[in-house]
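Undergrad: Give me a model of this one.
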Amino acid sequence: MEQSFQAIYEAIKKDAENKSYTAKHIDPLYSAHENAKIVIVGQAPGIKAEQSKRFFNDKSGDRLRDWLGVTSDFFYSTDKLAILPMDFYYPGKGKSGDLSPRKDFASKWHPQLLKLMPNVEMTLLVGRYAQKYYLHQKNNITLTQTVKNFQTYLPTYFPIVHPSPLNQRWLKKNPWFSTEVLPILRQKVAEILQPEP
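TA: I've put the predicted structure just below:
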């Protein structure tokens, strides 16, 4: 019997691997809807997202919404977008930014949630972790190579760099991303999300 969104949500909270979060009353942070047409796979919630209980609630989120060509109101209210980070919990702080999402988290929960979203037309792979997992990449393939060859993965996947301010140097070094990739991304998003006739 197929599980419901609510049943999966409760199972995530009760999972022993998430016990330390649940004990602190920290809930998994993601968004999944039956009507979703685009799935956004990011890294993991940041500390601001965890504290506010709102995913992409930071400068990265502002930039991502600009890249997608959607407003904040639409982003948080629509059931046409699903947000499935590689980990649904803030992993903590490392030496140079946040820690990596837990390795087996996505493989455990993403397939169950995606089964309940039959209308997905495109999955946006935000950053290296999402790309490596969904595109089954080896370590020698760089993010720059993947993003530059984004057309190869369409229409199923659209790989992009993470919108984090930490990637400002990468964006300056690779101006083609803004001129060649973003216009097509906005076009694809607009086409998929356009209202039904």
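Undergrad: Would you point out which residue is most central in this protein?
TA: Nearest residue to the geometric centre of the chain (C-alpha atoms, centre = their mean): Val41, 2.3 Å.
Undergrad: residues contacting that one?
TA: 84-86, 106, 110, 123-126, 130, 133-134 (C-beta atoms under 8 Å, 6 or more residues apart in numbering). (Glycine included, C-beta is placed from N, CA and C.)
Undergrad: Quick check: neighbours of the helix or strand of the chain with the lowest mean pLDDT in the sheet, parallel or antiparallel?
TA: Sorted by mean pLDDT, DSSP states H and E, the helices and strands of the chain end with strand 97-98, the least confident at a mean of 77. Strand partners for strand 97-98, identified by DSSP bridges, are recorded as strand 93-94 (antiparallel).
Undergrad: pLDDT on the strand it pairs with, on average?
TA: On average, the pLDDT along strand 93-94 is 81.
Undergrad: Kindly report the same for stretch 168-184.
TA: Across stretch 168-184, the average pLDDT comes to 97.
Undergrad: Repeat that for stretch 123-130.
TA: 97.
Undergrad: Show me what the longest helix seen in the chain is packed up against.
TA: Determined from DSSP state H, the single longest helix within the chain is helix 182-193. Applying 3 or more C-beta pairs under 8 Å, 6 or more residues apart in numbering; DSSP states H and E, we find helix 182-193 packed against strand 38-41, helix 59-68, strand 122-126, strand 157-160.
Undergrad: possible to save those as CSV with distance to Arg169?
TA: As requested, the helices and strands packed on helix 182-193 are arranged in CSV below (distance: least, C-beta to C-beta, whole Å):
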stretch, distance to Arg169
strand 38-41, 23
helix 59-68, 14
strand 122-126, 18
strand 157-160, 16
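Undergrad: Ok, which of the ones you listed comes nearest Ser96?
TA: Nearest of the helices and strands packed on helix 182-193 to Ser96, taken as C-beta to C-beta: helix 59-68 at 15.8 Å.
Undergrad: What are the contacting residues of stretch 174-188?
TA: Outside stretch 174-188, the residues that touch it by C-beta under 8 Å, 6+ apart are 67-69, 122, 124, 144, 147-148, 150, 154-155, 158, 160-161, 171.
Undergrad: Would you mind listing which of these are buried?
TA: Buried subset of those (neighbour count, 16 or more other C-beta atoms under 10 Å): 67-69, 122, 124, 147-148, 150, 158, 160-161.
Undergrad: Can you list phi and psi of Lys172 for me?
TA: Here is the backbone geometry of Lys172 (degrees, to the nearest 10): phi -70, psi -30.
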